[in-house]
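**Q** Need a 3D model of the following:
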Amino acid sequence: MHPVDSIKTRVQASTLSFPEIISKLPQIGVRGLYRGSIPAILGQFSSHGLRTGIFEASKLVLINVAPTLPDLQVQSISSFCSTFLGTAVRIPCEVLKQRLQAGLFDNVGEAIVGTWHQDGLRGFFRGTGATLCREVPFYVAGMALYAESKKVVQKVLQRELEPWETIAVGALSGGLAAVVTTPFDVMKTRMMTAQGRSVSMTLVAFSILRHEGPLGLFKGAVPRFFWIAPLGAMNFAGYELARKAMNKNEELAGDVLSQKKVDSSD
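**A** The predicted structure is shown next:
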């Protein structure tokens, strides 16, 4: 899905519209659409792994410390903790990825050297506030929306969801959460692709509203929806399906162990 993200970044980083960027695809080329994929993979790998681990650990702590806490609050607090820490690790990779996607540099090495020379160490953490303002609501709202949507669908169907239905609910939840948090994504892109000058989130927001209007804060919402929806299916539904599979394996292992004990006692 990286090419879709590249299109979104180019829309947000420029004054061009989505159709205008699409018309320029032959000039950008396949290589241009996949530019920034290396830091994207490294950032996502570390961030998602850390976030999933912290999410599970936070849920266990909350369930033991506050067993009467509603499930929705447990999900939301766990999502907040895991997203905050997981995202902080990914910021430098995100800066390099977006600068490569916007066409500011040709390769990762050039992006690292150029960012260091132009902005110093702080340049690798540019847009941290906007990224956290985007990621935390996205995952908190996304997980809550996913959990509640799944309950509603199960109540309507009066049965457990099939795997494909779980994936569909996850995709829709992720896509809707992505559209809602697009303004922060636009500000993040503008901040990360601004070279040699430090810009605040407030300044970027007022600049967009002044020159592009309120709709300017939703630039790239369409490609962002189609980029995040499959990721939502993998993040929310895929995570749950994997967890169910692991729980089933644990139950089977427990049954086998119990059977062995019975056989040995006989």
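
**Q** quick one, helices of the stretch 1-150 of the chain?
**A** With DSSP state H, counting those that start in this stretch, the ranges of helices along the stretch 1-150 of the chain come out as 2-13, 18-23, 25-33, 37-65, 71-101, 108-119, 128-157.

**Q** Distance to residue 248, mean pLDDT and mean neighbour count added to those helices, as TSV?
**A** (Glycine included, C-beta is placed from N, CA and C.) Output for the helices of the stretch 1-150 of the chain, formatted as TSV (distance: least, CB to CB, whole Å; pLDDT from 0 to 100; neighbours: other CB atoms under 10 Å):
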stretch	distance to residue 248	mean pLDDT	mean neighbour count
helix 2-13	33	91	24
helix 18-23	43	89	14
helix 25-33	39	91	12
helix 37-65	17	85	16
helix 71-101	21	84	21
helix 108-119	41	91	15
helix 128-157	18	83	18
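
**Q** nearest to residue 196, of the ones you listed?
**A** Among those, helix 108-119 comes nearest to residue 196, with 4.8 Å by CB to CB.

**Q** if I pick the residue most central in space within the chain, what's in contact with it?
**A** Taking CA atoms, centre = their mean, the centroid of the chain lies closest to residue 135, which sits 6.5 Å from it. When contacts are counted by CB atoms under 8 Å, 6 or more residues apart in numbering, residue 135 is found next to 83, 87.

**Q** at 10 Å what do you get?
**A** By CB atoms under 10 Å, 6 or more residues apart in numbering, residue 135 lies in contact with 47, 51, 79, 83-84, 86-88, 90, 94, 181, 184-185, 188.

**Q** and of those, the nearest to residue 24?
**A** Closest to residue 24, out of all of the contacts of residue 135 and judged by CB to CB, is residue 185, at 20.8 Å.

**Q** count of neighbours near the closest one?
**A** Counted by other CB atoms under 10 Å, the residues lying close to residue 185 total 27.

**Q** Dihedrals phi and psi, it?
**A** With angles defined as degrees, to the nearest 10, residue 185 sits at phi -70, psi -40.

**Q** wait, what's in contact with the residue nearest to it when sequence neighbours are not counted?
**A** Nearest residue to residue 185 in three dimensions, chain neighbours excluded: residue 134, at 5.2 Å (CB to CB, 6 or more residues apart in numbering). Residue 134 makes contact with 83, 87, 127, 178, 181-189, according to CB under 10 Å, 6+ apart.
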